[in-house]
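Enquirer: Below are the sequence and a predicted model; questions follow.
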Amino acid sequence: EPGEYYQHPDGILYYYPRPEEDMTTIEVNVPNSIENFQTFAFNDVPNLTIKNLNFYFTNIGIGGYNFENFLIQNCEFKHVRTAFSILFVKNSMVDHCLIEDTARDGCGFDGQNFTLQNSIIRHIGAIAPFGFAVNFWTGCNYTYILNNDISDGATSLLFFGANNEYDVETFKRVVIENNHLHHAGYGIVDDLAAMFFGRHPRGVIINHNKIHDFYTNNYCGNGIYPDTGSSGTKITNNLVYNLSHSAFNLNYGKEHEVSNNIMAFCRAGFSFGGYRTDSYTLNIHNNIVYLDRDESYPAEGPLLNPDVVNYFDNNIYYKSGGREITIAGISFDEWREKGYDANTLIIDPLFADPEHGDFTFRSKENADKIGFKEFNMSFGVYGDEEWIKLAQNYNYHDPVVRSKELPIIGFESFENGDDTYFIRRGNIDKNPPCC
């Protein structure tokens, strides 16, 4: 079919062009290295700097382990399997890099005191749709994800976790701040979020991020998603909107505090599935939830179970068109009688133009009534105008047509002599009430 190619063992490349392609001008790049080739592979190297280099058409741009004082700065990684995969790093940084068009993950790392900042990461998982933009693993104490623009993948953009559920001593601090995370999922796969983390204890701070346009095929397209084994996350000053499902979703976690956020145009502002009974699950206060769907709710999940403990208060809930607010199948007045949201208001927050993404206030009159603190609406990369425009000027496609049947997942590696196969996941007739 058009777009397919075959590289003969003698080196000749055969290609069937697409209708719009001119074979007299087309540019073709063909891999000629071993399958696991890494452009730079280092182990046990201290005080290493890689700067102002471009990595194109390779498997892994930079790989290795046991780095200390490692700096990757002002580099480009394009048309690669993964930009970098580095393990056991200490006191290291990736700064002002462009990662674009990866076959699988954008980048991966683990270690201590690692910073990823002011970088653009997009078009992730072009071949393997389960590729994450940023993937970091067990033992990542003092990790900082700051001022990045991350977008355009089929699944979650930030994915991290550990192996010690609720361990409050081992892991100290992970900060995700000032990022712009957007346009992912596209209705291709399910169970994803802008940031998805589990088995991670206290010390995660998610502050001042802009998250929008995450859509799944059938279920669980969320903004911020602490999963099993997470506890004590502080989630503040985030703008989260245009989602299949929940702005914040939790599963089997505890003691999460969610405050001073704006959540809009989603099925639920807050949701949770499983929960623990040895402590409270959620502390939700001073947030604004702006809804526009008939079937949308400030919160959903097993909220009224007798053994669940949550705190909700001093929020604004609003559903456009004057539609009624209900929670857990009961009216708001009945919900309040259960001891929740005693000082919460059902009132228009008076955003300037939320339907077009402008969540500044045309008046602070109502937001001030709950003590909401207005935050800066600038997110993502910083620096010279050219770098900022590079992050802004990118075309995103619309979500695919939603289907009751989950999509086919396929793998083709016939060029390497491997088998090609496709699998189809099960069917789901409709979204579950909660993820």
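Expert: Noted; the coordinates are in hand.
Enquirer: and residue 105, that's in a helix?
Expert: No: membership of residue 105 in a helix is not supported by DSSP: H, G, I helix; E, B strand; the rest coil, which gives coil.
Enquirer: these two touch, right, it and residue 129?
Expert: No: judged on C-beta atoms under 8 Å, residue 105 makes no contact with residue 129 at a distance of 11.6 Å. C-beta coordinates here come from the backbone N, C-alpha and C atoms, glycine included.
Enquirer: So for those two, which residue has more residues nearby?
Expert: Counted by other C-beta atoms under 10 Å, residue 105 and residue 129 do not tie: residue 105 has more neighbours, with 24 against 18.
Enquirer: what pLDDT does that one get?
Expert: On the pLDDT scale, residue 105 is placed at 94.
Enquirer: quick one: low-confidence parts of the stretch 1-150 of the chain?
Expert: Along the stretch 1-150 of the chain, segments meeting pLDDT under 70 span 28-38, 138-139.
Enquirer: Tell me which stretches of it form strands.
Expert: Per DSSP state E, counting those that start in this stretch, the stretch 1-150 of the chain carries strands over the ranges 5-7, 13-15, 38-46, 49-51, 54-68, 71-73, 76-95, 98-102, 107-117, 120-124, 134-136, 141-146, 149-153.
Enquirer: quick one, which of those is nearest to residue 186?
Expert: Of all those, strand 149-153 sits nearest to residue 186, with 8.7 Å by C-beta to C-beta.
Enquirer: circling back to that earlier point, looking at the strands of the stretch 1-150 of the chain, which is nearest to residue 286?
Expert: With C-beta to C-beta, the closest approach to residue 286 among the strands of the stretch 1-150 of the chain belongs to strand 141-146: 24.0 Å.
Enquirer: what does that closest one contact?
Expert: Residues outside strand 141-146 that contact it (C-beta atoms under 8 Å, 6 or more residues apart in numbering) are 112-118, 134, 136, 158, 160, 170-179.
Enquirer: are any of those residues buried, and which?
Expert: Using 16 or more other C-beta atoms under 10 Å as the burial test, these include 112-118, 134, 136, 158, 160, 171, 174-179 as buried.
Enquirer: before we move on, the earlier item: any chance of the strands of the stretch 1-150 of the chain in JSON lines, with distance to residue 277 too?
Expert: Putting the strands of the stretch 1-150 of the chain into JSON lines (distance: least, C-beta to C-beta, whole Å) gives the following:
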{"stretch": "strand 5-7", "distance to residue 277": "57"}
{"stretch": "strand 13-15", "distance to residue 277": "61"}
{"stretch": "strand 38-46", "distance to residue 277": "46"}
{"stretch": "strand 49-51", "distance to residue 277": "49"}
{"stretch": "strand 54-68", "distance to residue 277": "41"}
{"stretch": "strand 71-73", "distance to residue 277": "45"}
{"stretch": "strand 76-95", "distance to residue 277": "37"}
{"stretch": "strand 98-102", "distance to residue 277": "42"}
{"stretch": "strand 107-117", "distance to residue 277": "32"}
{"stretch": "strand 120-124", "distance to residue 277": "38"}
{"stretch": "strand 134-136", "distance to residue 277": "31"}
{"stretch": "strand 141-146", "distance to residue 277": "29"}
{"stretch": "strand 149-153", "distance to residue 277": "36"}
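Enquirer: Quick one: closest of those strands to residue 276.
Expert: Closest approach to residue 276 among those (C-beta to C-beta): strand 141-146, 23.8 Å.
Enquirer: start to end distance for stretch 283-300?
Expert: 14 Å (C-alpha to C-alpha, to the nearest Å).
Enquirer: mean confidence score for that stretch?
Expert: Here stretch 283-300 scores 96 as its mean pLDDT.
Enquirer: Run the chain-centre distance for that stretch.
Expert: Centroid separation for stretch 283-300 versus its chain: 20 Å, with C-alpha atoms, centre = their mean, to the nearest Å.
Enquirer: List the buried residues of that stretch.
Expert: Applying a neighbour-count criterion of 16+ other C-beta under 10 Å, one finds 284-291, 296-300 buried in stretch 283-300.
Enquirer: just the helices in the stretch 301-435 of the chain please.
Expert: Using DSSP state H, counting those that start in this stretch, the helices of the stretch 301-435 of the chain run over 332-337, 385-392.
Enquirer: just the ones you listed: most buried one?
Expert: The highest mean neighbour count among the helices of the stretch 301-435 of the chain, using mean count of other C-beta atoms under 10 Å, belongs to helix 332-337: a mean of 15.
Enquirer: residue contacts, residue 23?
Expert: Contact analysis of residue 23 by C-beta under 8 Å, 6+ apart lists 15, 17.
Enquirer: Torsion angles phi and psi at it?
Expert: phi -70, psi -10 (degrees, to the nearest 10).
Enquirer: OK, contacts around residue 150?
Expert: Applying C-beta under 8 Å, 6+ apart, we find residue 150 in contact with 106, 120, 121, 122, 133, 134, 157, 158, 179, 180, 181, 182.
Enquirer: and it, how far is that from residue 214?
Expert: 12 Å (C-beta to C-beta, to the nearest Å).
Enquirer: so what sits against both of these two?
Expert: Common neighbours of residue 150 and residue 214, counting by C-beta under 8 Å, 6+ apart, are residue 182.
Enquirer: Count residues in the vicinity of the nearest residue to residue 89 once chain neighbours are set aside, would you?
Expert: Nearest in space to residue 89, with sequence neighbours left out and distances taken as C-beta to C-beta, 6 or more residues apart in numbering, is residue 111 at 3.5 Å. The number of residues packed near residue 111 is 24, by other C-beta under 10 Å.
Enquirer: Residue 111 touches residue 90, doesn't it?
Expert: Yes: if you go by C-beta under 8 Å, residue 111 and residue 90 touch, sitting 5.7 Å apart.
Enquirer: ok so, going back, right, so of the strands of the stretch 1-150 of the chain, which gets closest to residue 375?
Expert: Counting by C-beta to C-beta, residue 375 lies closest to strand 141-146 out of the strands of the stretch 1-150 of the chain; the figure is 15.8 Å.
Enquirer: Kindly export the closest one (C-alpha atoms) in CSV.
Expert: What follows is strand 141-146, C-alpha atoms only, in CSV (Å, rounded to 0.1, in the frame of the first residue of the first chain):
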residue,chain,number,x,y,z
ASN,A,141,14.1,11.4,45.3
TYR,A,142,14.3,15.1,44.7
THR,A,143,13.0,15.0,41.2
TYR,A,144,12.0,18.3,39.6
ILE,A,145,9.9,18.6,36.4
LEU,A,146,9.7,22.3,35.8
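Enquirer: Strand partners (parallel or antiparallel) of that strand?
Expert: Sheet pairing here is set by DSSP bridges, and for strand 141-146 it gives strand 107-117 (parallel), strand 174-177 (parallel).
Enquirer: So what angle separates the directions of that strand and strand 76-95?
Expert: 120 degrees (axes from the mean of the first three to the mean of the last three C-alpha atoms, to 10 degrees).
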